[in-house]
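> quick check, what structure comes out for this input:
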Amino acid sequence: MREGREGSLRPRDRSAGEQGSSAIEYSLLVAGIAAVLVMVVMAVGGQTLGLFGQTCDSMRAGSSGSLGATTC
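Numbers count the residues shown, from 1 in each chain. Predicted coordinates for the structure are as follows:
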């Protein structure tokens, strides 16, 4: 009764070359994603640093002498 189904439950037989190829493909995919993430962080990081600088300058300009020196 279950003879046809038992064959489908076995994992596919893959050669060692196929497994190595898929590992290389996944590693290239991960390296590509990592490179894109590094570029995004570098681009956004510069903008974020500029915004912090503007905020710090605004706080220095708006602070009164009674509060003491503002450090950023």
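
> from here on, just use CA atoms for contacts and neighbour counts.
Fine.

> host element of Ala34?
helix 16-62 (DSSP states H and E).

> list the buried residues for stretch 44-63?
Neighbour counts using 16 or more other CA atoms under 10 Å place no residue of stretch 44-63 among the buried ones.

> please report how far Gln19 lies from Leu51.
Distance from Gln19 to Leu51, counting by CA to CA, to the nearest Å: 48 Å.

> and Leu29, by the same measure?
Taking CA to CA, one finds Leu29 at 33 Å from Leu51.

> residue ranges in this protein under the pLDDT threshold?
1-17, 63-72 (pLDDT under 70).

> neighbours of Ala23, how many?
12 (other CA atoms under 10 Å).

> what's near enough to touch it?
Applying CA atoms under 8 Å, 6 or more residues apart in numbering, we find Ala23 in contact with no residue.

> any idea how far it is from Val40?
For Ala23, the distance to Val40 equals 26 Å [CA to CA].

> then Asp57?
For Asp57 relative to Val40 (CA to CA), the value is 26 Å.

> cool, and Gly53?
20 Å.

> Thr55 now?
Counting by CA to CA, the separation of Thr55 from Val40 is 23 Å.

> Leu49 too?
For Leu49 relative to Val40 (CA to CA), the value is 14 Å.

> likewise for Gly20?
Gly20 is 31 Å from Val40, by CA to CA.

> same question, Gly50
In terms of CA to CA, Gly50 sits 16 Å off from Val40.

> check Ala31 too.
To Val40, Ala31 is 14 Å away according to CA to CA.

> good, wrapping up.
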